[in-house]
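Colleague: Fold the following for me, if possible:
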Amino acid sequence: MRSAFGDWADWVPAGKVGVYGQRIAGCDHLGFTRYDGPEFKGLCDAAAYEAGRPVNTFAALGVELVS
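Modeller: Model prediction:
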């Protein structure tokens, strides 16, 4: 997951979090992430996103892809 948006964003309905994600290709010695492939946009339940997992994936959050 690269970024997340609350329901303040015009494309995110109440009770949801909008997310953008892309496959991680690796990271350098300073910890900067390299991404690869297409970017995906989706929605997940705000409660699932707020659960505080150290790493969130689209699969773990049950993200529904949107176009």
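Colleague: Pull out the buried residues from stretch 8-22.
Modeller: Neighbour counts over stretch 8-22 (16 or more other CB atoms under 10 Å) mark Val12, Lys16, Val17, Gly18, Val19, Gly21 as buried. Bear in mind the C-beta positions are built from the backbone N, C-alpha and C, glycine included.
Colleague: Contact partners for Tyr49?
Modeller: Neighbouring residues of Tyr49 by CB atoms under 8 Å, 6 or more residues apart in numbering: Ala4, Val17, Val19, Asn56, Leu61.
Colleague: Ramachandran angles for it?
Modeller: Main-chain dihedrals, Tyr49, degrees, to the nearest 10: phi -70, psi -40.
Colleague: Check Gly6 too.
Modeller: Reported as degrees, to the nearest 10, the phi and psi values for Gly6 are phi -80, psi -180.
Colleague: Return the distance of it relative to Gly52.
Modeller: With distances taken as CB to CB, to the nearest Å, Gly6 is found 16 Å from Gly52.
Colleague: so Glu39 sits right up against Gly21, yeah?
Modeller: Yes - using CB atoms under 8 Å, Glu39 is in contact with Gly21, at 7.2 Å.
Colleague: what sits in contact with each of the two?
Modeller: Listed as contacting both Glu39 and Gly21 by CB under 8 Å, 6+ apart are Arg2.
Colleague: so what's the residue sitting furthest away from the middle of the chain scoring on pLDDT?
Modeller: No residue in the chain sits farther from the centre than His29, which is 23.8 Å out by CA atoms, centre = their mean. His29 is assigned a pLDDT of 96 by the prediction.
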